[in-house]
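> no letters, just coordinates:
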């Protein structure tokens, strides 16, 4: 029975795809949501510290440490 399941074309395709995904480097991401002000904070480090920020016209703030993006702040997150 297991051999029949593995021979199914879509399952074989999925297994090949998973093999490629396993080779990707692991990346962690931290999310904080403040419902009171409807803001989503996304951090690419455990304790990010930024040296400057850039606010885009669409209400997303990009937080940088020098030239490295360390986080995002999404304003009005529930509306997106």
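In hand now; what should we look at? Just so it is clear, the structure is predicted and the values come from calculations on it, not from any experiment.
> make it CA atoms for all contacts and neighbour counts henceforth
Fine.
> could you pull out the strands for this protein?
Assigned by DSSP state E, the strands in the chain fall at 30-34, 39-43, 52-55, 60-65, 68-75.
> a markdown table for those strands, including mean neighbour count and mean pLDDT?
Shown next, in a markdown table, are these (neighbours: other CA atoms under 10 Å; pLDDT from 0 to 100):
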| stretch | mean neighbour count | mean pLDDT |
| --- | --- | --- |
| strand 30-34 | 12 | 94 |
| strand 39-43 | 18 | 94 |
| strand 52-55 | 13 | 96 |
| strand 60-65 | 18 | 94 |
| strand 68-75 | 18 | 93 |
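> how about residue 55, what does it touch?
Contact analysis of residue 55 by CA atoms under 8 Å, 6 or more residues apart in numbering lists 61-62.
> any idea what it is bridged to?
Taking DSSP bridges as the rule, residue 55 bridges to residue 61.
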